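Peer 1: the amino acid sequence is not available; the structure is as follows:
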DNA sequence: CGCTAAGAGTACCGTACGTTACGGTTCTTA
DNA sequence: TAAGAACCGTAACGTACGGTACTCTTAGCG
């Protein structure tokens, strides 16, 4: 549990979890326009209870974001015993997991309301940022560092490398989804994308080791591109 | 930047431009919460005039997005006479311009309201997407194609290559800005970022030509010509 | 000078929503 | 089993906002 600044929230009761899940559901359906009445009706509770438990509408939304963040089960990555194959596997796992999460309807809904409120009351934006992008960095960087220590990767600092990997993984997907573009992200496409991103990242930050040679059994099939950048 | 060169749609009068600029200004200041009364007051016009000119609130917002899109004058890129140096320069120009645009306060405000409304009424989202990400693709792809024709680049299709470049350029910047993270994007940093993105893109999609430092050992793979994309 | 049109300013209407208040019901506990 | 707390359902209140109507000023024009 490497949560430095967040360790006081999850003492909700089961009933309260139901309410927060109802909020998530409604957020997906109607987005920003959810009303307290809607929440009360969906959760089969009274509005008075909502206000007693969560203070006001913003408090309810913030609690919901926290609850969702705590619920998203991101697989921890073990930086131990790295060779090139497992490093690539870790990178692909991370990318696939990340793509899966950000294309979730709940993630999109949460990011939408957070972005909408980021202009005025920046509370939600900060929280989503903290549990989204920043948490991902915190999680992957040890792997990158381990890769560097093992002589597999070469980069000036982990933050820079991570941000590049982030770009290679997400590309324009998140912004397009947020803007309402209907992209179909099947599991196969996610896997292909993750493989391509890892491939490209290793091509950029690999420590002089030929990438596409020898023991590479799974060539990214389909829409992946540059397997030939370092062909000996 | 000031030359409108409006192709077909917006033949607004000067007075109406003032109104739309007021909307942009207010959008930056209060974001989603702008009211018609605010607009009328800021633009020194009556609400009735707003409704006569723009129909309703959504019409006003859509017109504003169109107006801003028409006002952003992105430099056209000339795909003629490509060598590696000019290709890299074109790529850097594109990246720097794109980073500059998306970090603008107006661009952020517009994207925020479009994203907020994308869940329910997808009108704005589609328009922003069309004038943002998709227009960028439309603009850069000819350059990429020219680079491929000149034997400088190697990719299966321009869309894939463009999306990777998009990721290398934007990384996590746009989502962080949208969520309210205060990032300082100086002109120097943009230039550095653009150079790094172009560098990495050429490393990934360059046609077998060594990129790194100016004169490196040329790996003489004569087979990888510009027409080597038939594999897989 | 009167007539007309456009538009600024403002009052007004209907509605939707956040928030509060209250009566009735269920659960806890002694 | 009965007191008391927690909670549900709903009515009510105040406010804010989208949209409309009405008045008043200004400009063009015969």
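Peer 2: Looks like it came in fine. The model shown is predicted, which means the values in this text are computed figures rather than measured ones.

Peer 1: near DNA strand D, which residues of chain A?
Peer 2: Proximity of chain A to DNA strand D (CB under 7 Å from any atom of the strand) is limited to residues A:13, A:15, A:40, A:44, A:45, A:46, A:47, A:48, A:49, A:52. Bear in mind the C-beta positions are built from the backbone N, C-alpha and C, glycine included.

Peer 1: pull the most distant pair out of those.
Peer 2: A:13 and A:47 (18.1 Å; CB to CB).

Peer 1: comparing those two, which residue is more hemmed in?
Peer 2: residue A:47 (13 against 9; other CB atoms under 10 Å in any protein chain shown).

Peer 1: model confidence at that one, what's the number?
Peer 2: In the predicted model, residue A:47 carries a pLDDT score of 92.

Peer 1: ok, now residue A:103?
Peer 2: For residue A:103, the pLDDT comes out at 95.

Peer 1: my read is that it contacts residue A:186, right?
Peer 2: No - if you go by CB atoms under 8 Å, residue A:103 and residue A:186 don't touch, sitting 10.2 Å apart.

Peer 1: what about residue A:112, neighbour count?
Peer 2: Neighbour count of residue A:112, defined by other CB under 10 Å: 26.

Peer 1: and chain A, what are its domains?
Peer 2: Under the assignment automatic domain parsing, the domains of chain A span A:14-71, A:84-205.

Peer 1: okay, how far is it across the first one, tip to tip?
Peer 2: Put plainly, it is domain A:14-71. Domain A:14-71 has its terminal residues 14 Å apart, counting by CA to CA, to the nearest Å.

Peer 1: repeat that for the longest one.
Peer 2: Taking CA to CA, the first and last residues of domain A:84-205 lie 12 Å apart.

Peer 1: returning to what we had before: which of the residues of chain A next to DNA strand D are buried?
Peer 2: Neighbour-count burial (16 or more other CB atoms under 10 Å in any protein chain shown) applied to those gives A:40, A:45.

Peer 1: related to what we said a few turns ago, mind putting the domains of chain A in JSON lines, distance to residue B:195 included?
Peer 2: Shown next, in JSON lines, are those (distance: least, CB to CB, whole Å):
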{"stretch": "domain A:14-71", "distance to residue B:195": "36"}
{"stretch": "domain A:84-205", "distance to residue B:195": "13"}
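
Peer 1: just name the most buried of the ones you listed.
Peer 2: Highest mean neighbour count among the domains of chain A (mean count of other CB atoms under 10 Å in any protein chain shown): domain A:84-205, with a mean of 20.

Peer 1: any bit of the helix or strand hosting residue A:112 sitting next to chain B?
Peer 2: Under the criterion of DSSP states H and E, residue A:112 resides in helix A:105-118. Yes - Helix A:105-118 comes into contact with chain B (CB under 8 Å from any CB of the partner chain), by way of A:109, A:111, A:112, A:113, A:114, A:115, A:116, A:118.

Peer 1: the inter-axis angle of that helix versus helix B:105-118?
Peer 2: 140 degrees (axes from the mean of the first three to the mean of the last three CA atoms, to 10 degrees).

Peer 1: tell me which strands and helices helix A:105-118 is in contact with?
Peer 2: Counting by 3 or more CB pairs under 8 Å, 6 or more residues apart in numbering or on different chains; DSSP states H and E, the packing neighbours recorded for helix A:105-118 are helix A:14-30, helix A:57-71, helix A:84-102, helix A:123-129, helix A:173-178, helix B:105-118, helix B:173-178.

Peer 1: among these, which is nearest residue A:167?
Peer 2: Taking the helices and strands packed on helix A:105-118 one by one with CB to CB, helix B:173-178 is closest: 8.8 Å.

Peer 1: please work out the average pLDDT along that closest one.
Peer 2: Average pLDDT, helix B:173-178: 96.

Peer 1: do the helix or strand just after that helix and chain A meet?
Peer 2: Following helix B:173-178 in sequence order, the next helix or strand is helix B:187-205 (DSSP H and E). Yes - applying CB under 8 Å from any CB, one finds helix B:187-205 in contact with chain A at B:200, B:203, B:204, B:205.
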